[in-house]
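> Mind looking at a prediction? Sequence and model below.
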Amino acid sequence: MTVQQVGEPGTLKGDPLFMQHLNHAFRKASKETKDKCRGALHFDKKGDIIRLEPIKFHPEIEPLIRTFADGKTYIGVGAWNGSPGHKSDNEQVKSSRSCSRCHNSNPGPRAKQGVAIRISS
């Protein structure tokens, strides 16, 4: 998924191939990592990940996601409520004005494709 301020291409953030990258990282992960993360991931009948739970409720998936998405997209560990957050996530939200977290909630075939969401100010 990607987000961008309307008319400002320099504000583009995200990873349009996030789910493909997540599936690739999961397939390459050790059995121990797979076992830790499995409870936070939802799979289709073919075994592909189609949805993941929020990191704030499942911090065990953060290391797996950071292997491919760190610095490219907001992962979910920003500064909030007294917590310093993660540096990469803080950088992702620093220049955002009106963008908040967005996701593709469609668990169908399109969920694996890059989805562009443009949010106006």
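Thanks, I have it.
> Just the CA trace of the helix of greatest length in the chain, in PDB.
Using DSSP state H, we find that the single longest helix of the chain is helix 18-28. Presented in PDB, the C-alpha positions along helix 18-28 are these (Å, rounded to 0.1, in the frame of the first residue of the first chain):
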ATOM      1  CA  PHE A  18       4.100  -5.100   0.800                       C
ATOM      2  CA  MET A  19       2.100  -8.400   0.800                       C
ATOM      3  CA  GLN A  20       4.300 -10.000  -1.900                       C
ATOM      4  CA  HIS A  21       7.400  -9.000   0.200                       C
ATOM      5  CA  LEU A  22       5.800 -10.300   3.400                       C
ATOM      6  CA  ASN A  23       5.000 -13.600   1.800                       C
ATOM      7  CA  HIS A  24       8.600 -13.900   0.400                       C
ATOM      8  CA  ALA A  25      10.100 -13.000   3.800                       C
ATOM      9  CA  PHE A  26       7.800 -15.500   5.600                       C
ATOM     10  CA  ARG A  27       8.800 -18.300   3.200                       C
ATOM     11  CA  LYS A  28      12.500 -17.600   3.800                       C
END
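> helices or strands next to it in the packing?
strand 49-52, helix 62-69 (3 or more C-beta pairs under 8 Å, 6 or more residues apart in numbering; DSSP states H and E). Heads up, the C-betas are built off the backbone N, CA and C, glycines and all.
> least reliable of the ones you listed going by mean pLDDT?
Mean pLDDT values for the helices and strands packed on helix 18-28 show the minimum at helix 62-69, a mean of 87.
> So what touches that one?
15, 18, 21-22, 24-26, 29, 33, 37, 52, 55, 75-77, 88 (C-beta atoms under 8 Å, 6 or more residues apart in numbering).
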